Structures are given as C-alpha cells and as structure tokens.
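Q: below are the sequence and a predicted model for it; my questions follow.
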Amino acid sequence: MNLCVIGTGYVGLVGAAIFSDWGNKVIGVDIDEKKIERIKTGEMPIYEPGLSDIVLKNISENRLTFTTSLSEGIKDAEIVFICVGTPQSDTGAADLSAIWQVAKEIGQTLNGYKVIVTKSTVPVGTNEKIKQIIKDNLTTVHEFDVASNPEFLREGSSVEDMMKPDRTVVGAETAKAHEVMRRLYAHLGTPIVESDLRSAEMIKYASNAFLATKISFINEIAQLCERAGADVSTVAEGMGLDRRVGRHFLNAGIGYGGSCFPKDVAALYKTSTDQAYDFKLLRGVMEVNKLQKDNFVRKVKRFYGENLSGKKFAVLGLAFKGNTDDIRESVSIEIVKTLRGLGAKIYAYDPEAMPNVKNTIGDKIKYADSQYGALKNADALIIATEWSEFRTPDFEVIDSLLKGKAIFDGRNLFEVKYITDMGYHYESIGRH
Ligand code: NAD
C-alpha cells in the first residue's frame, strides 16, 4: 500500500519505518526541515532501540522516503496518518493546533479518495472536527474517510510494540475505511478492535489513565508500606501474580512522567469537566503523582536539612524512564531543579538523554561521561531513572568515589539489606 505519515517524531518515525518494513511504500512528512535532513542522511533524531537499522534498510530499498512537503507526501497515499504532537495546553486540555493545521493542509491538497487516520492522541470528538476541517478546505470535490487508530507503543520498546501490538484499535464511520485499515494490519494476526470514532478516541485515554492509576495506586500503597513496616516490592509481586491484577505498572517510584501520561490524564480530566462530570478518581491520580515527587525530595531534606548548599549530589538518570532519550515531563529533572533550588550542586549522568537536557537546562548542572564519573566526591547518590545499567553497579567503585555514605533510590533498584549492610544510609520507595 502507499502510505503517508505526517509528523516524524517518536510515533511517526517509528510508524513510517515499520509500515515500510511490512512492504508498503511510505513517505514521512515533517515541518522540521533539520529533522528531515538528518533522517535522510541516516541520522536518527531520537534514541529508540532498533530503529536506525529499520529506517536505513527501508530507505536503501526505496520503500521509505521523507519530505517537508505535505502535498507531495499525500499525493499517492491511500492512507494518511497524522502523528503530530498534541501537548498539554494551559487549561489541561490537549493543544490541537498542529492537528488543525495538518487537517487544513490535507483539505487544501487532497487529490482523491484517502483514509485520513489520526494516530496522535486526541480527545473524543476530534476526528469529527478533522473531517469537517478537511471538507471546509477542499479545493475540488473528493471523497475521503477519517479514522482513529490510536497508538499504544512505549518509548524504549516502540519498534517491538508496533511490530507485535497487543491489539490494534480502529475507529471509523464507514465499512470502506475499516476495510482499508484491515488490509494494513490483518497480517499481524493480532486482535483488531473495530469501533466508531469516539470509542476509539476514548480507548486511548482510558488505557493511559488506567495505567497512570495503577502507578498512583502502588505509590499510595508504598506510602502505607513505609508507615506500616511492609515492603512494597513484595506486595506488588504478590498482587501482580494474580492475573486479574497483573504485574505491569506496579513499580513504586517517584511518580509517572513522560510525554504521554501527565498530559493524557490531564486531558481526560478536562474532557470530563467539559462534559460536566467530575472524574474524582483521576483527580486523586494526579494529586498522588505530584506528591510522590515531593515525598522523595522530603527524604533528602529529612537527612540533610532544608538548606542543601554545599551539598553535591550524583544523579543517575535524567530521561523520564529507562531506554529513552525523552525528557518531556521527566520527574528526574523536576527533582534536579528542586534540589538545585535548595542550594545543592548536581552532577548527572544519563546514557542517552544528556544532549536533550543540555538543550533545556544547559550548564545549570554538571554532566558526567559515565555513571561513576558523576560520583566523585558526591555527598549522596540519587537514582532517578531505571536504566538497566544502573541496576548492578560495582559497589566497590561506588564506595571509593562517593564522599558521603548515602543513597536515595527513587526506582527501588537495589536490595535494601545489601546496601545497608555496606553501611549506607539507604532510602528507597515503600521499603525498609
Ligand atoms: P513528537 O513531538 O516526537 O513528534 C511530533 C512531530 O510532528 C514533530 O517532529 C513535529 O515537527 C511534527 N509536526 C508538528 N506539526 C507539524 C505539521 N503541521 N506538519 C508536519 N509535521 C508536524 O511527538 P510524539 O511523541 O511522536 O507524539 C505524537 C502523538 O502521538 C501525540 O499525540 C502523542 O500523545 C501520541 N503518542 C505518543 C507516544 C509516545 O510514546 N511518544 C505513544 C503513543 C501516542
């Protein structure tokens, strides 16, 4: 099939690469000229395991091309995917300006029947508005359909997630649009949930809000464990083995961040208030998430006092989670900013996210070139992101470099007894 993918970020670039790897002819479109130039020369603008090989292979086999021209991108496409960003606006609602812009341009340049598919996460009712905008901007009469095909990939494993999704959700208004989408996805052999537009849009928000709820739930249990003398890791294991509960997203920590959960939970809450419904549970989820970060900083303050000037902390991990360079809404960075505000000096290391951090907070913190490089003469080690290379470090080296004997572990990476037996003051989340 001939496909066009508009927006070549974490979702669009991976989507374009995988679709082409299935044998389709794909054109990726982006307004960011530099990004398109980098991709064309084989340089990936994002860190995503396995992505580079697939992009390069399909470029060289002439199935995958890139352009900044939307009209060129959609000209021959049977399906046009919209994968532009939908960040949080000041009201908490999703900022849909990029979606409206793309819909307008599609209308102005449409040259024949296509299915216009939104993969971006958009609130209920958006696809109906996209359809109207396209219609309003048509320069010649053409038939088209809109469809909602929300994306569920996880950054860090997005290539695998797109190749083997648990399910594919397609919302559409016509049998023809459903048939076209089935042709694209049926070969995967995974379930396809076919629905109306609004239900598909809601499935995405409900899924993310539910996962965020699991995280806030286990973080509340962690609070209770700290007070009641229980161990949240064991509690999560005991809960998670029950298939009705499931082990995923039951890791207590410093709260969820990233480019999706915070904005999607806020947007769903805004949708509910717009519908004159008070989604009480979601309010709690957001509040618990904010408090979880504050509780972690409080552990540091309890140990050193409110004034941290003169203290130097080694912070491992800046990305919002392991295996990605994405720092959007990273709780680690919020913690770094708070500790700096209290006077602390920060020496940080992240395997992939440091270039992005340098572009945002610059030289306000120091950057090390290895996890051990950050530790020299630090008063404490702070673990803020769960990169796997942080899990089993050489503690003899850590011991020889750290000045203070304190570890604050926001991701529960280490065994409590092992660390405390070495004489460390060790604080993690919901464990003793
Ligand atoms: P991103 O910011 O990485 O990429 C968006 C891209 O769209 C950018 O390259 C930008 O230059 C481009 N763009 C913006 N306006 C454009 C326009 N008018 N024409 C062409 N290109 C334009 O965003 P992302 O993380 O890929 O997310 C995209 C959407 O997918 C969002 O709605 C997000 O919520 C959703 N989503 C993201 C993830 C994830 O893990 N990142 C997972 C599932 C769903």
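A: Nice, I can see it.
Q: surely W22 meets R183?
A: No: using Cβ atoms under 8 Å, W22 makes no contact with R183, being 11.1 Å away. Every C-beta, even on glycine, is put in place using the N, C-alpha and C of the backbone.
Q: more neighbours: these two, which one.
A: W22 (17 against 12; other Cβ atoms under 10 Å).
Q: contact partners for the more buried one?
A: H187 (Cβ atoms under 8 Å, 6 or more residues apart in numbering).
Q: what comes up buried for the helix or strand containing D161?
A: Per DSSP states H and E, D161 falls inside helix 158-163. By 16 or more other Cβ atoms under 10 Å, the buried positions in helix 158-163 come out as 158-159, 161-163.
Q: do stretch 118-138 as well
A: So for stretch 118-138, counting by 16+ other Cβ under 10 Å, buried means 118-124, 126-127, 129-131, 133-134.
Q: and the ligand, which of the residues you listed contact it?
A: 120-121 (Cβ under 6 Å from any ligand atom).
Q: burial of Y418, as a residue count?
A: 11.
Q: ok, L375 next?
A: 24.
Q: enumerate every residue touching the closest residue to H425 other than its chain neighbours.
A: Once flanking residues are discounted, H425 sits nearest to A406: 4.4 Å by Cβ to Cβ, 6 or more residues apart in numbering. If you count contacts by Cβ under 8 Å, 6+ apart, A406 has them with 303, 379-381, 424-426.
Q: and the gap between A406 and the ligand?
A: 34 Å (Cβ to the nearest ligand atom, to the nearest Å).
Q: nearest to the ligand, of the contacts of A406?
A: Proximity of the contacts of A406 to the ligand (Cβ to the nearest ligand atom) peaks at L381, which lies at 28.6 Å.
Q: so that closest one bridges to which residues?
A: A314, I407 (DSSP bridges).
Q: what is the burial count for it?
A: L381, neighbours per other Cβ under 10 Å, totals 26.
Q: pretty sure it sits against K405.
A: No: contact criterion Cβ under 8 Å: L381 and K405 do not qualify, at 9.8 Å.
Q: which residue does this protein have closest to the ligand?
A: For the chain, Cβ to the nearest ligand atom, closest residue to the ligand: G9, 1.8 Å.
Q: contacts only, for that residue.
A: Counting by Cβ under 8 Å, 6+ apart, G9 touches 30, 46, 83-85.
Q: look at D76 and tell me its secondary structure.
A: Judged by DSSP: H, G, I helix; E, B strand; the rest coil, the three-state class of D76 is coil.
Q: spatially nearest residue to N289 (excluding sequence neighbours)?
A: Nearest to N289 is G255, by Cβ to Cβ, 6+ apart, at 4.4 Å.
Q: can you give me the strands for this protein?
A: For the chain, strands defined by DSSP state E occupy the ranges 2-6, 25-29, 64-67, 79-82, 115-118, 145-148, 168-172, 192-195, 312-316, 345-349, 366-367, 380-383, 406-409, 425-427.
Q: convert the C-alpha atoms of the third one to PDB, please.
A: Backbone C-alpha positions of strand 64-67 (Å, rounded to 0.1, in the frame of the first residue of the first chain) are rendered in PDB as follows:
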ATOM      1  CA  LEU A  64      10.800   4.800   2.700                       C
ATOM      2  CA  THR A  65      11.300   8.400   1.800                       C
ATOM      3  CA  PHE A  66      11.000  11.700   3.600                       C
ATOM      4  CA  THR A  67       9.900  15.200   2.600                       C
END
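Q: which other helices and strands does that strand contact?
A: If you count contacts as 3 or more Cβ pairs under 8 Å, 6 or more residues apart in numbering; DSSP states H and E, strand 64-67 packs onto helix 12-21, strand 25-29, helix 33-40, helix 51-60.
Q: indicate which one of the ones you listed is closest to M202.
A: helix 12-21 (21.3 Å; Cβ to Cβ).
Q: wait, E226 sits on G430?
A: Yes: here E226 reaches G430: they are 5.6 Å apart, a contact under Cβ under 8 Å.
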